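Participant: sequence and predicted structure below; questions after.
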Amino acid sequence: MRIGNDRRGDDFEINVIPLIDVLLTLLMFFVLTSTFIQHSRLQVTLPQASTQDRDMDTPALTIMIDRDGRFYVGSDEVMGEGIEALKQTIARNAGDDRARQVTIRADALTPNQNVVTAMDALGQLGFTRLSIATTPTKPGSSQ
């Protein structure tokens, strides 16, 4: 029995600083390990196939690129170097029809830069219907 002791009892105290440290550590862990949605990614609209016959009045303009990087528009070889010579040859063969289908047929061993150059020239001229020709793989091939 305590008589004359003016202590009211022990004051209980909860120290929250370690709790805050643990919560901040967990918050940092979840922020650093989570994945974020990247809104800056390129939005791509996938093409749709139709069963209708396409307009066969104007055949597709064909641009061929051989393994040495030489360009051919239709049956004409592009004379000269650079994108300007390619654009002139394409414009001469296509005329004013910018809605015409264009097919790029590139050798498998040609550098990608040559294909991109052809696509860039077509885009600068205003062509919007572009396809790249491929050959189907044979079943059982190792490629």
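Facilitator: Perfect, thanks for sending it.
Participant: roughly how far is the longest helix seen in the chain from the heart of the chain?
Facilitator: The helix that spans the most residues within the chain, counting by DSSP state H, is helix 17-33. Centre-to-centre, helix 17-33 and its host chain are 37 Å apart (C-alpha atoms, centre = their mean, to the nearest Å).
Participant: which residue ranges of this protein form strands?
Facilitator: 61-65, 71-73, 76-77, 102-106, 130-132 (DSSP state E).
Participant: tabulate those strands (a markdown table), appending mean neighbour count, mean pLDDT and distance to L23.
Facilitator: To be clear about C-beta, it is placed using only N, CA and C from the backbone, and glycine gets the same treatment. Formatted as a markdown table, these follow (neighbours: other C-beta atoms under 10 Å; pLDDT from 0 to 100; distance: least, C-beta to C-beta, whole Å):
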| stretch | mean neighbour count | mean pLDDT | distance to L23 |
| --- | --- | --- | --- |
| strand 61-65 | 21 | 89 | 60 |
| strand 71-73 | 21 | 90 | 63 |
| strand 76-77 | 12 | 85 | 70 |
| strand 102-106 | 18 | 90 | 57 |
| strand 130-132 | 13 | 88 | 54 |
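Participant: the ones you listed: which one's closest to S34?
Facilitator: Between S34 and the strands of the chain, the tightest spacing by C-beta to C-beta is seen for strand 130-132, at 37.7 Å.
Participant: coming back round to it: okay, the strands of the chain in JSON lines with distance to A121 next?
Facilitator: Formatted as JSON lines, the strands of the chain follow (distance: least, C-beta to C-beta, whole Å):
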{"stretch": "strand 61-65", "distance to A121": "9"}
{"stretch": "strand 71-73", "distance to A121": "9"}
{"stretch": "strand 76-77", "distance to A121": "14"}
{"stretch": "strand 102-106", "distance to A121": "10"}
{"stretch": "strand 130-132", "distance to A121": "11"}
